[in-house]
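In: Predicted model, plus sequence, below.
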Amino acid sequence: MIGERVPRRAIGPYIEERTERLRGEIATIYSVTNDRGFVPSLEMFDKQVFSADTGSYKKVGHRDIAFNPSRINVGSVAMLDDEAGGAVSPMYTVVRCKPGLRSAYLLNYLRSEVGLAEIKRRCEGAVRFMLKFNDLCRIEIPVPPLAEQGRLVGLLDEVDALRKLRVQAEARTSQLIPAIFQEMFGEREQFEQARIAELVEAGPNKIRTGPFGSDLLHSEFVDEGVAVLGIDNAVANEFQWAKARHITEEKYEQLARYRVHSGDVLVTIMGTVGRCAVVPEGIPLCINTKHLCAITPDTHRIDSTYLWATILFASEVHQQTRSVGQGAIMEGWNGTIIKNLRIAVPPKSEQTEFAVRVSEVRALQTVQSTARAKVEALWGSLLGEVFG
């Protein structure tokens, strides 16, 4: 712990459970989220999802802590800053700190690795995860004097503010690429129109889904060999290595027509459909599964990055992939649907300019990600020092 070592004490004597109900009173109804803390339910869901009869809802006072007993292990715990108070569903446990323990200090403990480990330990062996109030009371925590608790909370708040700023910065940066796309290509009627099938390299098998059925069985996957790409490699809308799947070189010889090349555009066609990624330079030998469609574009006519962005952001693609009469995105795509998608094709020079700007944004995202990782490491280290 920062400063001198402080004896650990059971939390029970420092807290009390609050069970007072609304009983006809008017109050803001809150939900407790993993990442945003207390959020008004109407703001979170854009509609009323809580019961019309809120009489049994539990009151939450200013600086009270509430948690979901079955989800506190994944961070569903928060402290209410609203001085007017509020109310939460009866499913929540509401806790108030007695003199001698600051609410913010306890909350930080419950969110720390040490606290989460204690929470999980208290529920080991249970059929269903559930942290009861009595279980919480038995957890031990270092309890320094109130002034020291305040100082430690101040340090944690400063670092937490940096964490939130980093998250906000990354969220704003993530909006740049679609904004650039709309800025450069929003007036899509002015450009040449073509089917994706007309924009791929010459030759067979340039728009291909992976092997089906008995062509590739799960039992044929091995620990090392030729990589097999699936939804998880493209679902984030950028290429990333995920679950390792491989086949032998002998099996690859049978499936070589499904090879994926650098610059190919991968589109998810099952499960979470319509996600997209560009295969990076230097990718090792690999093939795609039946859950992905791989497109090898004719780079003289269309840039891979522009095609990627078009599938994700272009209005004409959204219109062509809506279920008839439903308004929702199609549940499944296939090679034929993708071949027949008609898209706008701006001059190649404009596509190249767009790709350069995307590269600049991604370079910024890399810098931001590195900075956020450092702040997260500082946050974890500080929590460990305070509560370890």
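Out: Perfect, I can see it now.

In: Need phi/psi at L312.
Out: phi -80, psi -40 (degrees, to the nearest 10).

In: Can you show me the helices along the stretch 1-150 of the chain?
Out: Applying DSSP state H, counting those that start in this stretch to the stretch 1-150 of the chain gives helices spanning 41-45, 103-111, 113-122, 133-138, 146-174.

In: got those as JSON lines, with mean neighbour count and mean pLDDT columns?
Out: Glycine gets a C-beta too; all of them are placed from N, C-alpha and C. Shown next, in JSON lines, are those (neighbours: other CB atoms under 10 Å; pLDDT from 0 to 100):
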{"stretch": "helix 41-45", "mean neighbour count": "14", "mean pLDDT": "68"}
{"stretch": "helix 103-111", "mean neighbour count": "21", "mean pLDDT": "95"}
{"stretch": "helix 113-122", "mean neighbour count": "16", "mean pLDDT": "89"}
{"stretch": "helix 133-138", "mean neighbour count": "16", "mean pLDDT": "94"}
{"stretch": "helix 146-174", "mean neighbour count": "14", "mean pLDDT": "93"}
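
In: Generate TSV for those helices, with distance to G24 as supplementary columns.
Out: Supplementary listing: these in TSV, determined by distance: least, CB to CB, whole Å:
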stretch	distance to G24
helix 41-45	19
helix 103-111	27
helix 113-122	35
helix 133-138	26
helix 146-174	36
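
In: Count the neighbours of A242 for me.
Out: Residues near A242, counting by other CB atoms under 10 Å, number 14.

In: From what I see, it and D232 are in contact.
Out: Yes - between A242 and D232 a contact is recorded at 3.7 Å, counting by CB atoms under 8 Å.

In: Out of the helices of the stretch 1-150 of the chain, which is closest to I295?
Out: Ranking the helices of the stretch 1-150 of the chain by proximity to I295 (CB to CB) places helix 146-174 first, at 23.9 Å.

In: quick one: that closest one to helix 103-111, angle?
Out: For helix 146-174 against helix 103-111, the angle by axes from the mean of the first three to the mean of the last three CA atoms, to 10 degrees is 60 degrees.

In: How far does helix 146-174 sit from its chain's centre?
Out: 20 Å (CA atoms, centre = their mean, to the nearest Å).

In: How about stretch 169-187?
Out: 19 Å.

In: Need the residues that contact it.
Out: Stretch 169-187 is contacted by residues 191, 309, 312-314, 344, 346, 350, 353-354, 357-358, 361, 364-365, 368-369, 372 when judged by CB atoms under 8 Å, 6 or more residues apart in numbering.

In: and with 10 Å instead?
Out: Stretch 169-187 has contacts (CB atoms under 10 Å, 6 or more residues apart in numbering) with 188, 191, 237, 305-306, 308-310, 312-315, 344, 346, 350-351, 353-354, 357-358, 360-362, 364-365, 367-369, 371-372.

In: taking the residues you listed one by one, which sit in strands?
Out: Using DSSP state E to define strands, the subset of the contacts of stretch 169-187 located there is A344.

In: Buried among the contacts of stretch 169-187? Make that a ChimeraX selection.
Out: Remark: buried members of the contacts of stretch 169-187, expressed as a ChimeraX selection using 16 or more other CB atoms under 10 Å:
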select :188,237,305,306,308,309,310,312,313,314,344,346,351,353,354,357,358,361,365,368,372
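
In: just checking, Y57 touches S31?
Out: No - look at Y57 against S31 with CB atoms under 10 Å: they stay out of range, at 11.6 Å.

In: Okay, angle between the one helix or strand K374 maps to and helix 146-174 too, please.
Out: Here K374, judged by DSSP states H and E, is contained in helix 348-387. Inter-element angle recorded for helix 348-387 and helix 146-174: 170 degrees (by the same axes, to 10 degrees).

In: Tell me which other helices or strands helix 348-387 touches.
Out: helix 103-111, helix 113-122, strand 140-142, helix 146-174, helix 176-185, helix 304-313 (3 or more CB pairs under 10 Å, 6 or more residues apart in numbering; DSSP states H and E).

In: what helix or strand is the residue nearest to R245 when sequence neighbours are not counted on?
Out: Among residues not flanking R245 along the chain, V228 sits closest, at 4.1 Å (CB to CB, 6 or more residues apart in numbering). According to DSSP H and E, V228 maps onto strand 226-229.

In: what distance separates that strand from the centre of its chain?
Out: 24 Å.

In: ok, which stretches of the stretch 151-300 of the chain are helices?
Out: Counting by DSSP H, counting those that start in this stretch, the helices of the stretch 151-300 of the chain are 176-185, 249-254.
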